[in-house]
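Visitor: Give the three-dimensional model of this entry:
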Amino acid sequence: MKNNNKLALLLSLGALLPFAASAKTLEQSYLESCRKGTDVPVPVSVVSPTVDSYDIGQTVQVQFVVDTTGRATGVSVKSASDRALAEAVVDAVKQWKFTPALHNGAPVATKVILPVRVVSAAASSQFALN
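Guide: I've put the predicted structure just below:
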């Protein structure tokens with residue numbers, strides 16, 4: 001039985017090697033995956049919320065405006081199952097920076113509704129965006 005457990009552990013660690021080699025954080029991966037365009041605010045810097053392990057799998061839907069300077073303003077919660085988790089997500093999103101959307105070449109304030117799903121990454125809890 002012990003040999004089977006060790007084999008499973010080794011196989012699991014081997015499966016993670018390609019991800020470890022890339023050395024990208026969840027935040028970097030998210031930034032690279034975002035839709036780029038002048039008609040939408042594009043995140044250039046994101047901060048993960050600090051959450052508890054029991055929050056994994058939960059989703060918080062936030063609403064905010066990306067102003068003409070690229071700051072998230074008026075951040076509010078549209079839906080969440082836990083108040084403490086919602087507050088952690090709001091605190092994190094308030095620190096994000098964006099390239100604002102453009103209209104006729106000029107920055108414009110844009111309303112954003114964003115679902116944030118908590119996932120486990122490495123040994124700590126972080127977030128993912130749906």
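
Visitor: Low-confidence ranges, this structure, go.
Guide: Low-confidence segments of the chain (pLDDT under 70): 1-27, 30-31, 33-35, 121-130.

Visitor: Do you have the helices of it handy? List them.
Guide: 2-22, 26-33, 83-93 (DSSP state H).

Visitor: partners of the closest residue in space to Gln58 that isn't next to it in sequence in the sheet?
Guide: Spatially, and ignoring its direct neighbours in sequence, Gln58 is nearest to Val118 (5.1 Å; Cβ to Cβ, 6 or more residues apart in numbering). Yep, even glycine has a C-beta here, placed from its N, CA and C like the rest. Beta-bridge partners of Val118, counted by DSSP bridges, are Phe127.

Visitor: same thing with Gln63?
Guide: Ser76, Ile113.

Visitor: so it sits right up against Thr110, yeah?
Guide: No. In this structure, Gln63 is not within contact of Thr110 by Cβ atoms under 8 Å, at 11.7 Å.
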